[in-house]
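> Make a model of this:
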Amino acid sequence: MSDSSTIERRGLLLVLSSPSGAGKTTLARHLMETDPGISMSVSVTTRRPRPGEVDGKDYTFVDEPAFKRMADAGELLEWARVFDNYYGTPRAPVEAAIAQGRDILFDIDWQGAQQLSEKMKHDVVRVFILPPSVSSLEQRLRARAQDPDEVVRRRMDEAAAEISHWPEYDYVIVNTDLKKSMHGLGAILAAERLRRDRLNGLTAFVRDMQSQL
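Residues are numbered from 1 along each chain as shown. Sure, this is the predicted structure:
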């Protein structure tokens, strides 16, 4: 007998990108807290840990030679140099997750999103988060109180270049109202999970249904 709960689904890769300070980390955290069906991709980075960050949970922290060895061996789906540090996504755990029908959330920049899309085009859903204004972006960066002034200025300088890549994304959320942005992101994920080409078990389900009619 046909049972919709048995339809197998291929997982998806939900990519969030934005200029630093636009709110994507807050949106990602909320999605993780409210949706048990998605987990965060843990990137490898050469950046030093910030206060409170845990190795293997927030990031996997490695030195530059180790990172380059991983990249040269093809062990990274994507990688980029951002603000003098390297960031990358390990290939093996991501491929295993989507094959098992689990969704993975990515907090990466436009360079990483491009590389990921090139290698896993049909599995990637790209969402770009825009701040409501330039002034609000600067205020958010300064409110962090973790980065020195020169880093804030450099991030503001980079924001224009990052924002120029918004047309490469499938969806854009202007983060004017956090609650509305959270709702919009959840709606995107719900719709993408229902895409016909992600439902591996749909053909068998429909055939079984038809055989009973």
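> what about Arg126, helix or strand, and which?
strand 124-130 (DSSP states H and E).
> could you show me where the strands are in the chain, in order?
Using DSSP state E, the strands found in the chain span residues 13-17, 38-40, 43-45, 59-61, 76-82, 85-90, 103-107, 124-130, 171-174.
> Out of those strands, which gets the lowest mean score?
Across the strands of the chain, strand 76-82 has the smallest mean pLDDT, namely a mean of 89.
> Quick one: distance of that one to the chain centre.
How far strand 76-82 lies from its chain's middle: 13 Å, per Cα atoms, centre = their mean, to the nearest Å.
> and it, which strands flank it?
As defined by DSSP bridges, the strand partners of strand 76-82 come to strand 85-90 (antiparallel).
> What angle do strand 103-107 and the strand it pairs with make with each other?
Angle between the axes of strand 85-90 and strand 103-107 is 170 degrees (criterion: axes from the mean of the first three to the mean of the last three Cα atoms, to 10 degrees).
> least trustworthy helix or strand in the chain by mean pLDDT?
helix 134-143 (a mean of 74; mean pLDDT, DSSP states H and E).
> pLDDT weak spots in the chain?
1-5, 144-147 (pLDDT under 70).
> What ranges does the chain have for its helices?
24-34, 64-72, 91-99, 110-119, 134-143, 149-163, 178-193, 202-212 (DSSP state H).
> Now tabulate those helices in CSV and tack on mean neighbour count and distance to Leu14.
C-betas here are computed from N, CA, C, even on glycine. Putting the helices of the chain into CSV (neighbours: other Cβ atoms under 10 Å; distance: least, Cβ to Cβ, whole Å) gives the following:
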stretch, mean neighbour count, distance to Leu14
helix 24-34, 16, 8
helix 64-72, 13, 23
helix 91-99, 15, 11
helix 110-119, 19, 11
helix 134-143, 15, 22
helix 149-163, 14, 19
helix 178-193, 15, 6
helix 202-212, 12, 21
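> can you redo those as TSV with distance to Asp170?
Converted to TSV, those look like this (distance: least, Cβ to Cβ, whole Å):
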stretch	distance to Asp170
helix 24-34	15
helix 64-72	27
helix 91-99	17
helix 110-119	10
helix 134-143	22
helix 149-163	16
helix 178-193	8
helix 202-212	22
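> wait, which of these is closest to Gly56?
Closest to Gly56 of the helices of the chain, according to Cβ to Cβ: helix 91-99, at 11.7 Å.
> mind checking which of the helices of the chain is nearest Val54?
Using Cβ to Cβ, the helices of the chain put helix 24-34 closest to Val54, at 14.6 Å.
> Deepest in the core, which of the strands of the chain is it.
Comparing the strands of the chain by mean neighbour count (mean count of other Cβ atoms under 10 Å), strand 13-17 ranks first with a mean of 24.
> That strand pairs with which strands, and in what direction?
strand 103-107 (parallel), strand 124-130 (parallel).
> Check whether Asp197 really touches Thr203, as I assumed.
No. Assessed by Cβ atoms under 8 Å, Asp197 is found out of contact with Thr203, at 11.1 Å.
> That'll do, ta.
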